[in-house]
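Chemist: Here is a sequence together with a model predicted from it:
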Amino acid sequence: MKLLLKILLLLLWPAFVKAQTRRQMDSAYFILQHAANDTVRMGAYSMLGRFYDDISADTGLYVCNKGIAIAEKLDLQLNKAEIMGFKSWPLMKMGNFPEALRVLNQAFEIAEDPANENKAWNLQLRNRRSLINLLYLALENLYLYAGNYEKQIALAHEAIERFESAGDTLGLAWVYPDIGDSYLKLKRFDSALFYQQKSLYCFSELAFEDRKFEGSTYISIGTIYEQMGNTDLARENYKKAIQVSEQHDNPRHTGNACLQLASLYQSFKKADSVFLYAKKALEAFTLGGYKKETAIAYRMISDYYHDQNNTDSSFAYLRLATLLNDSLYQMEKTRLLEFQVAAFNQQLALQQQDQVRIEKEGKLKTFAIIALIAVFSTIGLLLYRNNRQKQKANHTLQEKNNEIGRTLNELKVAQKQLIQSEKMASLGELTTGIAHEIQNPLNFVNNFSEVNNELVDELKSELAAGNLLSATEIADSIKENEQKINHHGKRADGIVKAMLQHSRTSTGHKEPTDINALCDEYLRLAYHGIRAKDTAFNPMIKTDFDENIGNINVIPQDIGRVILNLINNAFYAVNEKAKQNIAGYEAVVSVTTKKLNDKVEIRVKDNGDGIPKAIVDKIFQPFFTTKPTGQGTGLGLSLSYDIIKAHGGEINVATKEGEGLSAEASGSEFIINLPVLST
């Protein structure tokens, strides 16, 4: 009998992994109840963990914990990491964001360890890269649930890079809609629409059987258009979602699209259309066995009959919705009890084996019976206590959720304060450079003003003597000096405006910006700033700006802060190396720009000591700094990374340690890539 079950499991397992219907769910229960070993049992728990994600968060956590316990017992580390990824989803939906983050971080730690490469039951899981990619999907969704949309967008872009590197079009089709949903929450409808359309393109590249969730993207696009006030396009996309979902035999998305369309018709006060699509949603949900959604459809039909003053029909559908919700609750309660009974039966079977052995030996029979009674009594007491404490636990959970909410708000306030502190520190770096830079034109203004005073006295003398020719020459000289005073006054005015441009709060709006001029301006200010601190320091500066770049759309205040931070770091690195008095060493800092197809590349390079390999992966982490205490906040590169990612670009570093004298022997080079046409 056991051999037959094993053969049946091997034949049906691929279908179990992909299916998401109640039939496969019941099959998972069957496998669990008749499993021949812990490995098969773990697979069934893993499968149920995915199914219960959208049905019951409590049950989802229960089955995931059971699967994790077996994976730990069998030392199947990659299976453990996979189930922990499944466990994070119900935690998100319960609002327990810190615990979800802890679980995902532990799963990442396991999946990224090469020593766990072969610690998996199923061969497909041994591809750690694919498992890590799926964990990234869960992580970026966590920040979407938590309402940290900017962080979600940044993580989703990292996931996109991983999926693109792996050639995983299906993963891209899943992650793009999440970015679109974040932009929708931020009311950035154009960006939201852009990423939803990218999702549709990825779906179009997939095989027919992999496009089962394509209808969900059309539903999101319809929602975007509805919020933008374009009800015609909203209706068109909801209908397209219905058509696509029916083609791919996805009754859940068919029903969801029908509900959205019925809700849209409610705003038009088209009662017949509301009823038509609510009924169609009911048929789809009934076909797919989605009872939660079926209850929603019942309620919408009840509302329709209520508006039509058909009290009997309205009450009938309202009663159906209520009964279905009650039955769902009872079903989940029954399923959980079945798991508890199954666990008890397994324990009872082991005790019976011990009892047979004891009977054969003729000893300890009475003790076994007493132990069995004790187990029954203990289980009964535990069940009684759990029922008594359930309400108290729910109250405690609510208090924790409220506390987490307050903590998140406090963290957001602290984050804003830290960012403002970093901006003020950046402004302080500019102050000495601007003071030196503005002194030159002011000196010219003062000197030419004094010369003009003397020339005016001479002009009066010549006029008094009647020497008109000399007086005219002096007047010409005064005019030339006035022009120079005007020129240097405008130069000082331009420097002050540049300082105000850097210090003012960013508007958050992109505008056409001359990247070459921006780089040149902050290079000069950074140079004079470090020279004002250390007059003996005189580095060589190299620039190579591509004149074909033109203007690109960026937020100039933000990109300016990034460039200033990188140049200040470069000057700091070569200055520190210069203090070592290495014979023949010449400090060199170079800034170059170049247009590469649809991107603009900015490079800031120095020939300092370079960044040690042990810390190069940490330099973009918040609060990490290699500078002595009091000389760095540790936020400069972290903020720079966030700014570049928010612009849809990339920032990377190439570094080499060494003690060489040439610019190429050692040092660091930061490379920024910005899109020419940013979204």
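Modeler: All right, it came through fine.

Chemist: Now D598. Nearest residue, chain neighbours left out?
Modeler: Once flanking residues are discounted, D598 sits nearest to V676: 5.2 Å by CB to CB, 6 or more residues apart in numbering. C-beta here means a position set from N, CA and C on the backbone, and glycine is covered the same way.

Chemist: let me fix that: I644
Modeler: Closest to I644 by CB to CB, 6+ apart is I651, at 4.5 Å.

Chemist: thinking that neighbour is in contact with L639, fair?
Modeler: No. Contact criterion CB atoms under 8 Å: I651 and L639 do not qualify, at 11.1 Å.

Chemist: Now do the shared contacts for those two.
Modeler: V562 (CB atoms under 8 Å, 6 or more residues apart in numbering).

Chemist: Check the nearest residue to M228 once chain neighbours are set aside and give its pLDDT.
Modeler: Excluding its sequence neighbours, the residue lying closest to M228 (CB to CB, 6+ apart) is F189, at 5.2 Å. On the pLDDT scale, F189 is placed at 92.

Chemist: residue contacts, F189?
Modeler: By CB under 8 Å, 6+ apart, F189 lies in contact with Y183, I224, Q227, M228.

Chemist: ok, now how distant is the residue nearest to I644 from E158?
Modeler: With distances taken as CB to CB, to the nearest Å, I651 is found 13 Å from E158.

Chemist: who's more crowded, those two?
Modeler: Neighbours were counted for I651 and for E158 using other CB atoms under 10 Å; I651 has more, 21 against 14.

Chemist: so what does the helix or strand hosting that one touch, helix or strand wise?
Modeler: Secondary structure assignment for I651, by DSSP states H and E: strand 650-656. Here strand 650-656 touches helix 636-646, strand 667-675, going by 3 or more CB pairs under 8 Å, 6 or more residues apart in numbering; DSSP states H and E.

Chemist: Reformat these into TSV and put mean pLDDT next to each item.
Modeler: Compiled in TSV, those are given as follows (pLDDT from 0 to 100):
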stretch	mean pLDDT
helix 636-646	84
strand 667-675	92
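
Chemist: Pull up the pairing partners for the strand holding I651, direction included.
Modeler: Next to strand 650-656 in the sheet, as set by DSSP bridges, lie strand 667-675 (antiparallel).

Chemist: neighbouring contacts of the partner strand?
Modeler: Outside strand 667-675, the residues touching it (CB under 8 Å, 6+ apart) are 515, 552, 554, 559, 562, 566, 569-570, 573-574, 596, 598-611, 644, 647-656.

Chemist: Buried residues of it, list them for me.
Modeler: G667, S668, E669, F670, I672, N673, L674, P675 (16 or more other CB atoms under 10 Å).

Chemist: And the residues you listed, which is closest to I179?
Modeler: P675 (15.1 Å; CB to CB).

Chemist: quick one: the helices in the stretch 351-500 of the chain?
Modeler: 365-465, 468-503 (DSSP state H, counting those that start in this stretch).

Chemist: pLDDT on the last one, on average?
Modeler: Which is helix 468-503. Helix 468-503 comes out at a mean pLDDT of 72.

Chemist: right, and the helix or strand after that helix?
Modeler: In N-to-C order, the element after helix 468-503 by DSSP H and E is strand 511-514.

Chemist: Show me what that following strand is packed against.
Modeler: strand 551-554, helix 556-578.

Chemist: and the first one, how far out from the chain's middle?
Modeler: To tie it back to what came earlier, the one meant is strand 551-554. 25 Å (CA atoms, centre = their mean, to the nearest Å).

Chemist: For that strand, which strands pair with it and how are they oriented?
Modeler: Short version: by DSSP bridges, strand 551-554 pairs with strand 511-514 (antiparallel).

Chemist: Skip the chain neighbours and tell me the closest residue to K400.
Modeler: Using CB to CB, 6+ apart, the closest residue to K400 is N96 (7.7 Å).

Chemist: residues near S46, how many?
Modeler: Neighbour number of S46 under other CB under 10 Å is 26.

Chemist: try Q196
Modeler: 26.

Chemist: what does A393 give?
Modeler: A393: 10 neighbours (other CB under 10 Å).

Chemist: Ok, T472 next?
Modeler: T472: 12 neighbours (other CB under 10 Å).

Chemist: low pLDDT regions in the stretch 451-600 of the chain?
Modeler: Flagging of the stretch 451-600 of the chain using pLDDT under 70 yields the residue ranges 490-508.

Chemist: now the helices for the stretch 151-300 of the chain?
Modeler: 169-185, 189-204, 214-228, 231-247, 251-268, 271-288, 291-307.

Chemist: Strands of the stretch 1-150 of the chain, start to end?
Modeler: With DSSP state E, counting those that start in this stretch as the definition, the stretch 1-150 of the chain shows no strands.

Chemist: residue boundaries of the helices in it?
Modeler: 2-18, 22-33, 38-51, 57-74, 77-93, 97-111, 128-146, 149-166.

Chemist: tilt between the fifth one and helix 38-51?
Modeler: Between the axes of helix 77-93 and helix 38-51, defined by axes from the mean of the first three to the mean of the last three CA atoms, to 10 degrees, the angle is 30 degrees.

Chemist: how about helix 77-93: buried residues?
Modeler: Going by 16+ other CB under 10 Å, helix 77-93 has these buried residues: 77-92.

Chemist: and that helix, average pLDDT?
Modeler: 85.

Chemist: Next: the fourth one.
Modeler: For helix 57-74, mean pLDDT rounds to 86.

Chemist: how about the helices and strands packed on strand 650-656, which one is nearest H306?
Modeler: Of the helices and strands packed on strand 650-656, nearest to H306 by CB to CB is helix 636-646, at 47.4 Å.
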